[in-house]
Each structure stands twice: as structure tokens, then as C-alpha cells.
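Trainee: Everything below, folded, please.
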Amino acid sequence: MRVIESSELIINNDGSIFHLHLKPEQLADKVILVGDPGRVEVVASFFEKTEASASNREFKTITGYYKGKRISVVSTGIGTDNIDIVVNELDALSNIDLKTRTEKSEHKKLTIVRLGTSGALQPEIDLGSYVLTETSIGFDGLLNFYANRNKVSNLEMEAAFIEHTKWNPQCAKPYFCHSASNLVELFSDFTTKGITISAPGFYGPQGRVLRLPLADPKLNEKIESFNYNGRKITNFEMESSAINGLSHLLGHDSVTICTIIANRVAKDAKVDYQAAIKNLIENTLNKLATL
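Mentor: Numbering: from 1, shown residues only. As a prediction, the model looks like this:
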């Protein structure tokens, strides 16, 4: 059995994993991911009781109980690079014996739900509504560093998108990862199913122009007009592709649900969206409590 070297899996002196500062017993099987560390407290305010908390840099975790079900909420910060840290460390806490540095013989499956904010790419999507990512498109390139990337990407959809957009070969090759079908069904009654792009930045990668011109000024138009078997791309965000891709490779279930706070086509934004976020949190917790 392979022993994972200390340089590859760093364990803190207190036995917690390197970035999250969590110990295995502090993590629940149901995990809500949020970007903003401040939003962890908002989610935890719905818990009947809490039993564990940890914090390091942008990574904050609270584990507690909602309607008798044990749930952890973890902040990731922004971007798929942070998702690479968070999902790998959540999996390590669940499926690697940190004392022996060996993989456990029986694997634990996590349920991972990201709750975030997003910008819509179709005019009919209302501000304050909730888009569930049925398929995530990774512009970030993160999954391309892992073996078996093609096994978890929809290669036909990928090829159609590359052809439609005349994809710039200087950019990372996009990948297309589906969310877990059981979670898509679980949250379908209060969300709109969509195809979500995870961009590796907020400005240029999402077509925003301040002082720097874009390599392809028409990319957003191509994205908006892409149609695959009657499905269109609905929104931009910055994390869901890596969550879905890594979860598939590691054997976990994942999905992302975002509150729409801007519509890029209608050129409109919703600045006061906290009430919509709280409603999304409560609806999500109620669904997770049924599992």
C-alpha cells in the first residue's frame, strides 16, 4: 500500500489538514461550499446546534445540525485554484488515514453543494432567481492536469463548443462536467437548470473590459448563441467546473446553485441580494435534511 509522503500531504502539528485546519472527525458527509467566509456564519445561523469550527486564511468551516442532519459549511474563497485545495482536502479527510498516510480500503462519498452568486447570459433569466448548474464548462484548465479528465468530460459537447466559438488555442482547453443527477433532481423544484461557465477570472475571462482589450471581443456573443441539443449556456461563475470535475474523479456527488445578481445581456445588476441568498440557504438546507 502506497504511503503518501509528507511533502504531498501536509498535516499540521495538531493533526489537522494543511489548509482547511480540519480534523477528520470535524467534517460531515454533507458539505455546503460558499465563497465568502462571512457567509459561513449565515448558513450556520440556521443550525440548531454547532459542534466544530476551524478557520485559516479564506477557509472557514462550521459543522452543526439542521433538522437532526449533520452538515458542514466551508468557505472556499474565489476561483477553481482554491477549489483544487478544498475538494482534495475534503476527500483526504474522508478517504485517507492521516496517521498512516494511506488510502482507506472503503471510500466515503460526500454530498457537496456549492451556493454562490452569478451573472446570467440569457435575457429571460431574472435577477434574484436561482440557476442550478446541470453542466459546468471549465475555462480554467484545472482538470487538464489530472488523469482520466476525458472520462468525466462530455467530449461531444466539448467539441461542439470549440467549433462554435472557434476556440483560441492559446487558452486552456475547456471541459464539460455534469452535476450529480440525484442532486439535480433534489433541487429542481425551486431552481432553473442551466449550463454554467466557470471562468478563471472576473474581468477579461468573463468578457469585461476596463483598460485591457480582449483577445476575442466576440467570445461572449458566441457563448450566448451556443445551442447544444436545445440547451443554452445560462450563466458565468468561477468554481463549479472544478467542483464537478474533481468530485466525479474522486467519487463524490456535487452540484452548484447560484443566485443571479446580474444579467450580462440586459446590462442590469441586483446590488441588494442578501434576502435572496438567505432564502436559497434555507431551501437548500431543507432539501439536504431529506437525505
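
Trainee: Low-confidence stretches in the stretch 151-291 of the chain?
Mentor: 270-271 (pLDDT under 70).

Trainee: how much space between the residue most central in space within the chain and Tyr175?
Mentor: For the chain, the residue nearest the mean C-alpha position is Ser240 (3.3 Å; CA atoms, centre = their mean). According to CB to CB, to the nearest Å, Ser240 stands 12 Å off from Tyr175. From N, CA and C alone the C-beta is placed, and that goes for glycine too.

Trainee: Phi first, then psi, for the nearest residue to Leu246 once chain neighbours are set aside.
Mentor: Leaving out its chain neighbours, the residue that sits closest to Leu246 by CB to CB, 6 or more residues apart in numbering is Val87, at 4.3 Å. Backbone torsions for Val87, taken as degrees, to the nearest 10, come to phi -70, psi -40.

Trainee: wait, doesn't Val87 sit right on Ile112?
Mentor: Yes: between Val87 and Ile112 a contact is recorded at 7.3 Å, counting by CB atoms under 8 Å.

Trainee: anything in contact with each of those two?
Mentor: Ile243, Ser247, His252 (CB atoms under 8 Å, 6 or more residues apart in numbering).

Trainee: give the contact list for the spatially closest residue to Arg70 that is not a sequence neighbour.
Mentor: Nearest-residue entry for Arg70: Ala28, 4.2 Å, with adjacent residues in sequence omitted and distances by CB to CB, 6+ apart. Ala28 makes contact with Thr63, Arg70, Ile71, Ser72, according to CB under 8 Å, 6+ apart.

Trainee: next one: Val73
Mentor: Residues in contact with Val73 (CB under 8 Å, 6+ apart) are Val31, Ile32, Leu33, Val34, Val40, Val43, Ala44, Thr61, Ile62, Thr63.

Trainee: who does the first one bridge with?
Mentor: The one in question is Val31. Ser72, Ile112 (DSSP bridges).

Trainee: can you check the last one too?
Mentor: Using DSSP bridges, the bridge partners assigned to Thr63 are Ala52, Ser72.

Trainee: Tell me, how many residues neighbour it?
Mentor: 23 (other CB atoms under 10 Å).

Trainee: Please tell me how far it sits from Lys30.
Mentor: From Thr63 to Lys30 the distance is 10 Å (CB to CB).

Trainee: repeat for the fifth one
Mentor: From Val40 across to Lys30, the span is 15 Å (CB to CB).

Trainee: can you map out the helices along the stretch 51-200 of the chain?
Mentor: Using DSSP state H, counting those that start in this stretch, the helices assigned to the stretch 51-200 of the chain run over residues 80-95, 155-165, 181-186.

Trainee: out of those helices, nearest to Tyr146?
Mentor: Ranking those by proximity to Tyr146 (CB to CB) places helix 80-95 first, at 9.5 Å.

Trainee: I'd like the average pLDDT over that closest one.
Mentor: Helix 80-95 comes out with an average pLDDT of 98.

Trainee: quick one: which helix or strand includes the residue nearest to Val152 when sequence neighbours are not counted?
Mentor: Excluding its sequence neighbours, the residue lying closest to Val152 (CB to CB, 6+ apart) is His248, at 4.0 Å. Assigned by DSSP states H and E, His248 belongs to helix 240-250.

Trainee: Packing partners of that helix?
Mentor: helix 80-95, strand 111-120, strand 130-138, strand 175-178, strand 192-198, strand 253-263 (3 or more CB pairs under 8 Å, 6 or more residues apart in numbering; DSSP states H and E).

Trainee: Paired strands for the shortest one, with orientation please.
Mentor: With DSSP bridges as the criterion, the sheet partners recorded for strand 175-178 are strand 130-138 (antiparallel).

Trainee: tilt between the partner strand and helix 155-165?
Mentor: 80 degrees (axes from the mean of the first three to the mean of the last three CA atoms, to 10 degrees).

Trainee: Compute the inter-axis angle for strand 130-138 and strand 192-198.
Mentor: Using the same axes, to 10 degrees: strand 130-138 against strand 192-198 is 40 degrees.

Trainee: how close does the residue nearest to the centre of the chain sit to Leu143?
Mentor: 12 Å.

Trainee: Isn't the residue nearest to the centre of the chain up against Ala199?
Mentor: No: Ser240 is beyond contact range of Ala199, at 10.5 Å (criterion: CB under 8 Å).
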